[in-house]
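In: turn this into a structure:
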Amino acid sequence: MWRLFAMIFVSVSFAFSASANQNSSPREFIVSVFEAFNAEDARRYTAMFATPHVRMINGSLVIQETDEPFIDFDMLKQSGWKTTMVNAIDVLDQSPSAAIVQVTFSRRDETGTPYLETTGFYTLSKEGGDWHIIAIASAGSVPINRNEK
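Out: The predicted structure is shown next:
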């Protein structure tokens, strides 16, 4: 009987968790993107992007056509990175299946001192009930790997 109760509890909890993710707002989704980034979870972070997606950073255009992780946390750490703090999230436009979100964030070193602050524009699409990033644009230099600076 205990096993049956545990299985039902886990099933209901999983269903509730999936439902909460499906009903998340663009703001909540962006917060979860930065949580995955700060956790250095490259797979989870990459899974939040659509395949394909576009990154336009510092005048360079990258079209990511695979679901392979593209973030290089070792390189970030060599630059002094310890964490990224979201300073502001503004949902500029939203429909039930798309959103454009302006995010100002800062990269911080181990003392908490910001060494880079920039604004990015995230274009989101909701497919299958989940938000995904289909494009990021930022005019600033925001290194994420050795090829994109």
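In: would you mind giving the secondary structure of the residue most central in space within the chain?
Out: Taking CA atoms, centre = their mean as the criterion, residue 33 is the residue nearest the geometric centre of the chain, at 2.6 Å. Following DSSP: H, G, I helix; E, B strand; the rest coil, we place residue 33 in the helix state.
In: residue contacts, the closest residue to it other than its chain neighbours?
Out: What sits nearest to residue 33 in space, not counting adjacent residues and going by CB to CB, 6 or more residues apart in numbering, is residue 48, at 5.2 Å. For glycine as for every other residue, the C-beta is placed from the backbone atoms N, C-alpha and C. Taking CB atoms under 8 Å, 6 or more residues apart in numbering, we find residue 48 in contact with 29, 32, 33, 36, 131, 132, 133.
In: out of these, list just those in helices.
Out: The helices in this structure, assigned by DSSP state H, contain 29, 32, 33, 36 from the contacts of residue 48.
In: out of the residues you listed, who's nearest residue 60?
Out: Among the ones in helices among the contacts of residue 48, residue 33 lies closest to residue 60 (CB to CB), at 20.6 Å.
In: tell me the spacing between that closest one and residue 120.
Out: When distance is defined by CB to CB, to the nearest Å, residue 33 is 10 Å away from residue 120.
In: do residue 102 as well
Out: As for residue 102, its distance to residue 120 is 8 Å (criterion: CB to CB).
In: who has more neighbours, those two?
Out: residue 120 (19 against 14; other CB atoms under 10 Å).
In: can you pull up the bridge partners for the more buried one?
Out: residue 103 (DSSP bridges).
In: residue 56 now?
Out: The bridge-partner assignment for residue 56, based on DSSP bridges, gives residue 61, residue 137.
In: pretty sure the residue nearest to the centre of the chain sits against residue 136.
Out: No: under the contact definition of CB atoms under 8 Å, residue 33 does not touch residue 136, with a separation of 10.0 Å.
In: joint contacts of the two?
Out: Common neighbours of residue 33 and residue 136 are listed as residue 122 (criterion: CB under 8 Å, 6+ apart).
In: other residues contacting the strand or helix carrying residue 52?
Out: Residue 52 belongs to strand 49-57 when assigned by DSSP states H and E. By CB under 8 Å, 6+ apart, the residues outside strand 49-57 that reach it are 61-67, 125, 127, 132-138, 140-142, 144, 148.
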